[in-house]
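Visitor: Predicted coordinates and the sequence they were generated for:
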Amino acid sequence: DKKITIAIDGFSSTGKSTLAKQLAKHLGYVYVDTGAMYRAVTFFAMQNGYINIDSFDKEILINSLPSIKLQFKFNADLGFAEMYLNEVNVETEIRTIEVSNFVSKVAEVSEVRAKLVEQQKEMGKDKAIVMDGRDIGTVVFPYAELKIFMTASATTRAQRRYDELIKKGDTVTYDEVLANVEERDYIDTHRKDSPLVMADDAIEIDNSYLTREEQFEVVLDLVNEII
Ligand code: C5P
């Protein structure tokens, strides 16, 4: 089989990472969750007081970018890689609603994107990779052999994210999660640098009514047509 690059983009909480992980495991490919990288930079900015409810000091964040080291380290027990920020595992910290509330603002900053995109391109240079995000098929890997664009209604997505957070013991309301999903979609699709848009050659999958297995089968068929 030939090794390919698989780019999965779409709105927040469309099940991109579930699908990407499943595919990577099945194919023996590397899986990279680029949202985790934007989340880690956001967590860094929060920790240092560069961003909060009423202010965001972009300049200071931009100036401190060289001191941010992001790494994915594979956790064999979990079967997937975890996000490390300056050698500290931040996998739990980056998944909170607080980080979700700020991440799209941090992801608008071109200097942040440039740094992360460079690292992402480097990770994909040997192919055999499944990467999910918002700009993978358009900016990171414009020559990916397979591009998937995932959609689902905002309410389906909010319900999924809400169930996930509740399961983890977070105290959030459904309305809060829905508002966050809608706000992130708005910022992600309207930003100047690398807005969320479907690549011309991407295949759209609306998974509002597809089970996890059905969606996996659909995409696996597409992969098998190529490899
Ligand atoms: O995928 P996830 O929902 O964890 O992504 C969090 C946020 O990071 C997105 O809402 C978006 O603002 C940003 N992001 C991005 N480009 C990517 C991945 C994520 O701008 N490739």
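Guide: Everything's here; your move.
Visitor: roughly how far apart are the nearest residue to R191 once chain neighbours are set aside and N207?
Guide: For R191, ignoring the flanking residues on the chain, the nearest one in space by C-beta to C-beta, 6 or more residues apart in numbering is E108 at 4.6 Å. C-beta here means a position set from N, CA and C on the backbone, and glycine is covered the same way. E108 sits 27 Å away from N207, going by C-beta to C-beta, to the nearest Å.
Visitor: contacts for whichever helix or strand E82 is part of?
Guide: Counting by DSSP states H and E, the element that carries E82 is strand 80-85. The contact list for strand 80-85, computed with C-beta atoms under 8 Å, 6 or more residues apart in numbering, reads 21, 31-33, 36-37, 39-40, 43-44, 68-75, 89-91, 94.
Visitor: near the ligand, which residues of the chain show up?
Guide: 12, 34-35, 38-39, 103-104, 107, 133-135, 184, 188 (C-beta under 6 Å from any ligand atom).
Visitor: count of residues packed around the residue lying closest to V109 once chain neighbours are set aside?
Guide: Leaving aside its sequence neighbours, V109 sits nearest to K58 (C-beta to C-beta, 6+ apart; 5.8 Å). By other C-beta atoms under 10 Å, the residues close to K58 number 16.
Visitor: and K58, what pLDDT?
Guide: As predicted, K58 sits at a pLDDT of 98.
Visitor: just the strands in this structure please.
Guide: Counting by DSSP state E, one finds strands in the chain at the ranges 5-10, 30-33, 51-52, 55-56, 70-75, 80-85, 88-89, 129-133, 146-151, 203-206.
Visitor: Can you convert the ones you listed into JSON lines and add a column each for distance to V219 and mean neighbour count?
Guide: Shown next, in JSON lines, are the strands of the chain (distance: least, C-beta to C-beta, whole Å; neighbours: other C-beta atoms under 10 Å):
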{"stretch": "strand 5-10", "distance to V219": "8", "mean neighbour count": "27"}
{"stretch": "strand 30-33", "distance to V219": "14", "mean neighbour count": "21"}
{"stretch": "strand 51-52", "distance to V219": "35", "mean neighbour count": "18"}
{"stretch": "strand 55-56", "distance to V219": "37", "mean neighbour count": "12"}
{"stretch": "strand 70-75", "distance to V219": "22", "mean neighbour count": "14"}
{"stretch": "strand 80-85", "distance to V219": "18", "mean neighbour count": "19"}
{"stretch": "strand 88-89", "distance to V219": "30", "mean neighbour count": "12"}
{"stretch": "strand 129-133", "distance to V219": "10", "mean neighbour count": "28"}
{"stretch": "strand 146-151", "distance to V219": "6", "mean neighbour count": "23"}
{"stretch": "strand 203-206", "distance to V219": "7", "mean neighbour count": "16"}
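Visitor: Determine the longest helix present in this structure.
Guide: Longest helix of the chain, by residue count under DSSP state H: helix 174-190.
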